[in-house]
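> Sequence first, predicted coordinates after that:
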Amino acid sequence: MKTINFKHSIIFFNFCILISPFYFKFSYEPIILCLFLILIVGISHGALDNIKGKKLLKLFGYNSEFLFYFSYLMISFFIIILWLMFPNIILLFFLIVAAYHFGKEDTVIEIEKKFLISEFLFFLKGSSVIVAPLLFQRDATNEIFKILNFEVFENSIFSNHFLIIFLFLGFLSSIYISNKKSVDIKFLMIMDFLSIIVLNFFLTPVLAFTIYFCFLHSIRHSITLIFELDKSFKSGFKKFVSKAIPLTLVTSLIFLIAIYFLNNFYKLDEAIYKVIFIGLASLTFVSGVIFLFAIYFLNYIYTLDEAVYKVIFIGLASLTFPHILLEYLLEKNEK
């Protein structure tokens, strides 16, 4: 698996080097391509949570699938309620948790556990995904947060100097995590960090995150899932595809329906652009339906733009917390 991950990092890094300056020069926004990538690659990365949930329940002596789905949805609804009550606090907490998630899931090696030190290192490593667009595309990134009335990053403390220092700490954490590991591992960690820098320097926040999410985070997580299904990559890949395709196809259909309805309010490109964001939140069929209804009802209170952005962030938060909790509990109880 390490060899495959190393080759994956090399390919991804070279892809970023080639595509980013090209986009910067011609200023072309490949909206349809981004939608296609998220539908095919991004969704499949979260399509096996139900299988992991069954595995976790068996470790606790339960066999009920209903218990997993009920618990998963209840945690999601709980996060939504907390968001509505304390939006700024939950959004800030969500960004912290997301940074930790990216840092941990993108790390392909085991590190020595030292209480909270390892978790903090994962957070610093993953924070580059959030800090980089704030540093290189500050205005565009802040525009998204303004819609949510979240202006924390406009505080003077988040100056360019602060962001540069934080980004450097993220780089140092990658180096420390790969300490005492092979040269290949060190090289892999450095390439991943530089790839995120290159993407956010040249591309818009949305496009940069889409490429990172699909080609680095999702594929790497999928590689891990493939080897969990079978020790042979070829056999594991076949099992992964067979289990992920049904949910991916159903969710893709939901997205196409969403484009159809949004096209009544926006041009086709704009409708696709919005569905891309909703797609990042809608990792399952059930959540996709919930988010579409949420947009419908919120549109009575807010403009459609505001409703869409609120659903994106609340949806991401409501799915990220149970997803990470599932990964954490499974990891702790399997050992």
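Noted; the coordinates are in hand. Residues are numbered from 1 along each chain as shown.
> tell me which residues in the helix or strand harbouring Gly103 are buried?
Under the criterion of DSSP states H and E, Gly103 resides in helix 87-105. If you call a residue buried by 16 or more other Cβ atoms under 10 Å, then helix 87-105 has these buried ones: 87, 90-91, 93-95, 97-105. Using the backbone N, CA and C atoms, a C-beta is placed for each residue, glycine as well.
> Check stretch 162-179 too.
Buried residues in stretch 162-179, counted by 16+ other Cβ under 10 Å: 163, 166-167, 169-171, 173-174, 177-178.
> Pull the residues that contact that stretch.
Residues outside stretch 162-179 that contact it (Cβ atoms under 8 Å, 6 or more residues apart in numbering) are 103, 107, 109, 111, 121-122, 124-128, 131-132, 134-135, 185-186, 188-190, 192-193, 197.
> and if you look at stretch 192-206?
By Cβ under 8 Å, 6+ apart, the surrounding residues in contact with stretch 192-206 are 9, 12-13, 16-17, 20-21, 23-24, 29, 34, 106, 125, 128-129, 132-133, 135-137, 140-141, 144, 167, 170-171, 174, 208, 211-212, 216, 273, 276-277.
> In helices, which of the residues you listed fall?
Counting by DSSP state H, the part of the contacts of stretch 192-206 found in helices is 9, 12-13, 16-17, 20-21, 23-24, 34, 125, 128-129, 132-133, 135-136, 140-141, 144, 167, 170-171, 174, 208, 211, 273, 276-277.
> Buried ones among the residues you listed?
Those of those that meet the buried threshold are 9, 12-13, 16, 20, 23, 34, 125, 128-129, 132-133, 135-136, 141, 144, 167, 170-171, 174, 208, 211, 273, 276-277, by 16+ other Cβ under 10 Å.
> quick one on the thing from earlier: any chance of a ChimeraX selection covering the buried ones in the contacts of stretch 162-179?
If you want just the buried ones from the contacts of stretch 162-179 in ChimeraX, going by 16+ other Cβ under 10 Å, the selection is:
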select :103,107,111,121,122,124,125,126,127,128,131,132,134,135,185,186,188,189,190,192,193,197
